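Novice: coords please:
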Amino acid sequence: MTNILQLSLFQTPDKKHTNFTALYDLAPRFVQRTERENDTPYLSRVTREFPFAGDTYSVTVYPARITDAKGEELDELPGDREALVEDVLRRFAAEKMAFGEKEELMVPFSLYQIDQELRKHKHTLSYTEIKEALAILAGSKIEISRVVQPGQKKPKPVVHASALPVLVYKDDNDPKAMSYAQFNPLLVQAIRALEFEQVNYAWMMQVRGALPRWIFKFASLLLADEDRQTDSIHLFASDLMKGCGHSRSRERDALTDIEKSILKLKACGVIADVRSEPVKMGKVKTDIRFAVRFSEKFLHDRQEARAIRQHRIQEAVRLTGQERPDSFRQINSDDAAKIAMKRRQLTQAPTEPALN
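Specialist: Numbers count the residues shown, from 1 in each chain. This next block holds a predicted model:
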């Protein structure tokens, strides 16, 4: 069995954690279910702009053409259900991934495993719904590009591919048969360069609703940064709306959705305290400013993620001479075992209180 450095560092010692990468996983790739005009089976692509790392990016999501239970073809866009299934596959990937001849990354799964994983976290989808979600993830193309000013040369897309470019069922009629899904090349690129962070998957799955789950990911990735060792931050509802692509026909309803999502995270123990202040233009509320103080439990979880990031960097430098390797690197079984043992120690080790 070949041991790959990046895949060894991607693995987590338990089934409570997985890894996410900022640009790919925070891009607003999932859309609310779209109402069809005049019962047409077709849908238009959706384009959104979102901020990332000081720049503005654009994501275009193209609908997937699928066949429904009645045998009729129709377009579907990836939504909340697809995001949930993709998160489950990411958890599986933190346990095991296959490395292909062309450096593609494949995650093994079965429909039964997805079903059981969802049930464990009190989410329920039928086998038909799971297969449909996978078909949409495989058929819906995503294009992510950096937005440039008028007159500047338009850069090539960062990625133009589906979330699961290849989906292979060993036995379409057996839910327990092992199948394989290939990951998006932007995600593969991030894993190769070790540009991912540990996130508490089990905690995230307790959060009900796609919007508060996205904010959980956002906060987790934000506080995994060494420069963000703080227990409090200020957030604007408008920035969260742009980041996750949330919109409603009435903006005040969208603002209320963000506020409710923040309160859900407080109820789940992620946030210890939050104060909200309306931002008005005249008498009209145009935004909400949140002063958020995170819980000690969440801060401890983020400290653990930072310690694991440091371990990841140290191992990469030791074995490749680079913090961000430019290619997948094969390692021996002893080094793979040392990485796994150190990872377990870091997960179990106590950490110092977070800094203000």
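Novice: How is E101 assigned, secondary-structure-wise?
Specialist: coil (DSSP: H, G, I helix; E, B strand; the rest coil).
Novice: what's near enough to touch it?
Specialist: Going by Cβ atoms under 8 Å, 6 or more residues apart in numbering, E101 touches no other residue. Bear in mind the C-beta positions are built from the backbone N, C-alpha and C, glycine included.
Novice: And the pLDDT for it?
Specialist: Looking at E101, its pLDDT reads 89.
Novice: do E277 as well
Specialist: E277 is given a pLDDT of 96.
Novice: ditto for the one 5 residues further on
Specialist: Among the per-residue scores, G282 shows a pLDDT of 91.
Novice: same question, K16
Specialist: pLDDT recorded at K16 is 93.
Novice: Just give the number of residues close to the residue nearest to it when sequence neighbours are not counted.
Specialist: Leaving aside its sequence neighbours, K16 sits nearest to A202 (Cβ to Cβ, 6 or more residues apart in numbering; 4.1 Å). A202 is flanked by 15 other residues according to other Cβ atoms under 10 Å.
Novice: swap in Q310?
Specialist: Neighbour count of Q310, defined by other Cβ under 10 Å: 11.
Novice: Could you measure from it over to Q152?
Specialist: 37 Å (Cβ to Cβ, to the nearest Å).
Novice: quick one: contacts of the helix or strand containing K285?
Specialist: Element membership for K285 (DSSP states H and E) is strand 284-294. Strand 284-294 is touched from outside by 219, 223, 231-238, 251-252, 255, 258-259, 262, 270-280, 302, with contacts defined as Cβ under 8 Å, 6+ apart.
Novice: Can you list the strands that it pairs with?
Specialist: strand 232-236 (antiparallel), strand 271-281 (antiparallel) (DSSP bridges).
Novice: quick one: the strands in the stretch 151-300 of the chain?
Specialist: 159-162, 167-169, 179-182, 197-199, 232-236, 271-281, 284-294 (DSSP state E, counting those that start in this stretch).
Novice: helices or strands up against the second one?
Specialist: If I follow you right, that is strand 167-169. Counting contacts by 3 or more Cβ pairs under 8 Å, 6 or more residues apart in numbering; DSSP states H and E, strand 167-169 packs against helix 127-139, strand 179-182.
Novice: Of these, which stretch is the most buried?
Specialist: Most buried of the helices and strands packed on strand 167-169 by mean neighbour count (mean count of other Cβ atoms under 10 Å) is strand 179-182; its value is a mean of 21.
Novice: Now do that strand: everything it contacts.
Specialist: By Cβ under 8 Å, 6+ apart, strand 179-182 touches 89, 98, 100, 104-111, 134, 137-138, 164-170.
Novice: Can you flag the buried ones in these?
Specialist: Neighbour-count burial (16 or more other Cβ atoms under 10 Å) applied to the contacts of strand 179-182 gives 89, 105-111, 134, 137-138, 164-165, 167, 169.
Novice: Could you single out the nearest of those to I339?
Specialist: Nearest to I339, judged by Cβ to Cβ, of those is L105 at 17.6 Å.
Novice: Take the strands paired with strand 284-294 and lay them out in JSON lines including mean neighbour count and distance to R318.
Specialist: Output for the strands paired with strand 284-294, formatted as JSON lines (neighbours: other Cβ atoms under 10 Å; distance: least, Cβ to Cβ, whole Å):
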{"stretch": "strand 232-236", "mean neighbour count": "14", "distance to R318": "34"}
{"stretch": "strand 271-281", "mean neighbour count": "13", "distance to R318": "37"}
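Novice: Between the ones you listed, which one is closest to A316.
Specialist: Comparing the strands paired with strand 284-294 under Cβ to Cβ, the one sitting nearest is strand 232-236, at 28.9 Å.
Novice: Centre of the chain to the closest one, how far?
Specialist: Distance of strand 232-236 from the chain centroid (Cα atoms, centre = their mean, to the nearest Å) equals 21 Å.
Novice: Same check on stretch 223-239?
Specialist: Counting by Cα atoms, centre = their mean, stretch 223-239 comes out at 18 Å from the chain centroid.
Novice: Please apply the same query to stretch 254-272.
Specialist: 19 Å.
Novice: Residues contacting it, please?
Specialist: By Cβ under 8 Å, 6+ apart, stretch 254-272 touches 203, 206-209, 211-212, 215-216, 219, 235, 237-238, 240-241, 246-248, 273-274, 276, 285, 287-288, 290, 292-298.
Novice: Mind giving me the PyMOL select for those, buried ones only?
Specialist: For the buried members of these, the matching PyMOL selection, counting by 16+ other Cβ under 10 Å, is:
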select buried, resi 203+207+211+212+215+216+219+235+237+238+240+241+246+247+274+276+287+288+290+292+293+294+295+298
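Novice: got the strands of the stretch 151-300 of the chain as CSV, with distance to D115 columns?
Specialist: CSV is the format used below for the strands of the stretch 151-300 of the chain (distance: least, Cβ to Cβ, whole Å):
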stretch, distance to D115
strand 159-162, 22
strand 167-169, 15
strand 179-182, 13
strand 197-199, 22
strand 232-236, 35
strand 271-281, 31
strand 284-294, 33
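Novice: E103 and F20, how far apart?
Specialist: 21 Å.
Novice: Neighbour count for the two, which is higher?
Specialist: More crowded of E103 and F20, by other Cβ under 10 Å: F20, with 22 against 13.
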